[in-house]
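attaching a predicted model along with its sequence, questions to come.
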2 protein chains.
Amino acid sequence: MADESLLLTIAVLGGTGKEGKGLAYRWAKAGYRVLIGSRSSERAVKAAGEIMQLLEGSSSVVGTSNFEAAQQADIVVLTVPYPAHRETLEGVKAALQGKLFVDVTVPLVPPKVSKVQMPPAGSAAQEAQEILGAEAEIVAAFQNISHELLLGDDEVECDVLVTGTSKKARAEALTLVEAAGLRGWDAGPIENSVVVEGLTSVLININRQYGSTHAGIRITGAKNKQA
Amino acid sequence: MADESLLLTIAVLGGTGKEGKGLAYRWAKAGYRVLIGSRSSERAVKAAGEIMQLLEGSSSVVGTSNFEAAQQADIVVLTVPYPAHRETLEGVKAALQGKLFVDVTVPLVPPKVSKVQMPPAGSAAQEAQEILGAEAEIVAAFQNISHELLLGDDEVECDVLVTGTSKKARAEALTLVEAAGLRGWDAGPIENSVVVEGLTSVLININRQYGSTHAGIRITGAKNKQA
């Protein structure tokens, strides 16, 4: 993996947000070249600087616009809040041709964020597929990971369920999961993303009911190469 | 719980199936009076006899028709395969007034059972709500537990996510989860049942991809009174 990762560039769109910054930090630490994308290039440059500081300058993290980041990357990851999902996707669509697209979006609808409320497409990831077209390789992942845990270096006690449009796309995404120091599972076709996105509302509910802050899930009774 | 359980009767409709038999076994063992319901009273009597044999006759398990079982019970649990869901519910609706109804149904659509395919209502539990009416107290639970594990006495390494129409209904169902020797969590409103029902397809997918037979989930990062 180390060799391959040196060659690959990952764009994290909406990378100035907490979740995006956490993922960018972990991938930069693993040796990937990371581009932070934002509506505001200025804020992207600032966020990239913050991550570089955390990594003591040992990695390559650059801030730019969402479109520039998507265009220069091999893999494009979207971590914007749900209200910006469609607009961001439409803005970068032309730059995504032939690239793996990883959607981290959870379609939470305030104020009832502990209640599952999916868009008409079925899930945010399926909405992305409607926007990007049937040919696009789309994966949904990382929706259940608390951003506070990503920016630390401790083991994250939450598995990543990866759904996507093809087994090959899911396998590529599982490499990114592993590179981020997380344990991932192939969770099936893109239609299954409703489960993983919706699980975020279930975990929010558990946090509220049981006074926790980082409820997560682990798959039991099965073994992958990491477990 | 021991005192209360002696007074309560649980009907397990479709209790001749593997999942129903497993739950009936565990509740009878915990001291509940259990009624096995089936379309065929004859098969219900046979299944009840099998469970009594496993328990060495120390408990009360009786077989009868679905309607009789529902009518005589305090709590009604439905464990039929999805194609029999609507018909069974319509047949026992009149007997459910004022009783907690627990739906264990997973709307799998063969042959693609590893792909989430929910009915128009959003989930089997929401479909039950459409059939039973807005006043009904409905809970969805136990959809992810492998039946082979229920009929054994070992610890089941899979948590039970409980969704339902009210917090009170979910709390009552959590008592049943605990009585069955399982660890349960309040997973929020009935709309969240899509996550838990759909998780069964995700777990089937994981079993296929990773060669396991009993993939399950555990909630991490939170504590309930059992954990």
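That came in fine, so what should we check first? Numbering: from 1, shown residues only, chains lettered A, B, ... in the order given.

so where's chain A shaky on pLDDT?
Judged against pLDDT under 70, the low-scoring parts of chain A cover residues A:1-6, A:227.

ok, which stretches of it are helices?
For chain A, helices defined by DSSP state H occupy the ranges A:2-7, A:18-29, A:41-54, A:66-72, A:85-92, A:124-132, A:147-150, A:167-179, A:193-210.

could you export the ones you listed as CSV, including distance to B:A140 and mean neighbour count?
Just so you know, the C-beta spots here come from the backbone N, C-alpha and C atoms, and that holds for glycine as well. Formatted as CSV, the helices of chain A follow (distance: least, C-beta to C-beta, whole Å; neighbours: other C-beta atoms under 10 Å in any protein chain shown):
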stretch, distance to B:A140, mean neighbour count
helix A:2-7, 42, 10
helix A:18-29, 29, 24
helix A:41-54, 41, 18
helix A:66-72, 39, 22
helix A:85-92, 28, 19
helix A:124-132, 23, 23
helix A:147-150, 29, 17
helix A:167-179, 28, 19
helix A:193-210, 12, 24
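
quick one: which of these is nearest B:Y82?
Proximity to B:Y82, assessed across these by C-beta to C-beta, is greatest for helix A:193-210 (16.7 Å).

list the residues that contact the residue nearest to the spatial centre of chain A.
Centroid-nearest residue in chain A: A:V104, 3.7 Å away (criterion: C-alpha atoms, centre = their mean). A:V104 makes contact with A:19-20, A:23, A:77-79, A:140-143, according to C-beta atoms under 8 Å, 6 or more residues apart in numbering or on different chains.

out of these, which end up buried?
Those of the contacts of A:V104 that meet the buried threshold are A:19-20, A:23, A:77-79, A:140-143, by 16 or more other C-beta atoms under 10 Å in any protein chain shown.

now, those that are in strands?
The members of the buried ones among the contacts of A:V104 that map onto strands under DSSP state E are A:77-78, A:140.

now distance to chain B too, for the contacts of A:V104, in a markdown table please.
Listed next are the contacts of A:V104 as a markdown table, based on distance: C-beta to the nearest C-beta, whole Å:
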| residue | distance to chain B |
| --- | --- |
| A:E19 | 16 |
| A:G20 | 21 |
| A:L23 | 19 |
| A:V77 | 21 |
| A:L78 | 21 |
| A:T79 | 21 |
| A:A140 | 12 |
| A:A141 | 13 |
| A:F142 | 16 |
| A:Q143 | 11 |
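
gap between A:L203 and A:A73?
Noted for A:L203: a distance of 29 Å to A:A73, by C-beta to C-beta, to the nearest Å.

re the thing from before, spatially, which two of the contacts of A:V104 are the most separated?
Spanning the widest gap among the contacts of A:V104 are A:G20 and A:A140, at 15.1 Å by C-beta to C-beta.

I figured A:E130 was touching A:A121, is that so?
Yes - here A:E130 reaches A:A121: they are 5.3 Å apart, a contact under C-beta atoms under 8 Å.

so for A:K112, which of the helices of chain A sits nearest?
It's helix A:193-210; of the helices of chain A, that one is closest to A:K112 (C-beta to C-beta) at 8.5 Å.

against which helices or strands is that closest one packed?
helix A:124-132, strand A:138-140, strand A:160-164, strand A:216-220, strand B:184-189, helix B:193-210 (3 or more C-beta pairs under 8 Å, 6 or more residues apart in numbering or on different chains; DSSP states H and E).

one more time with 7 Å
helix A:124-132, strand A:138-140, strand A:160-164, strand B:184-189, helix B:193-210 (3 or more C-beta pairs under 7 Å, 6 or more residues apart in numbering or on different chains; DSSP states H and E).

and A:L8, what does it touch?
Contacts for A:L8 (C-beta atoms under 7 Å, 6 or more residues apart in numbering or on different chains) come out as A:32, A:74-75.

try it again at 10 Å.
For A:L8, the contacting residues are A:27, A:31-34, A:73-75, A:100, A:172, A:175-176, A:179, by C-beta atoms under 10 Å, 6 or more residues apart in numbering or on different chains.

ok, which pair from those residues is furthest apart?
The most widely separated members of the contacts of A:L8 are A:G31 and A:L100, with 17.7 Å between them, by C-beta to C-beta.

dump the residue contacts of A:R183.
Residues in contact with A:R183, defined by C-beta under 10 Å, 6+ apart, are A:155-160, A:174, A:177, A:218-219, A:224-227.

wait, I meant A:G49
Contacts of A:G49 by C-beta under 10 Å, 6+ apart are A:36, A:61-63.

just to revisit the earlier point, can I get the helices and strands packed on helix A:193-210 in CSV including distance to A:P189?
Output for these, formatted as CSV (distance: least, C-beta to C-beta, whole Å):
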stretch, distance to A:P189
helix A:124-132, 10
strand A:138-140, 10
strand A:160-164, 6
strand B:184-189, 23
helix B:193-210, 8
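
among these, which is nearest A:G211?
strand B:184-189 (12.2 Å).

neighbouring strands of the closest one in the sheet, and parallel or not?
Under the criterion DSSP bridges, strand B:184-189 sits next to strand B:160-164 (parallel) in its sheet.

any idea of the angle the partner strand forms with strand B:216-220?
With axes from the mean of the first three to the mean of the last three C-alpha atoms, to 10 degrees as the basis, strand B:160-164 and strand B:216-220 are set at 80 degrees to each other.
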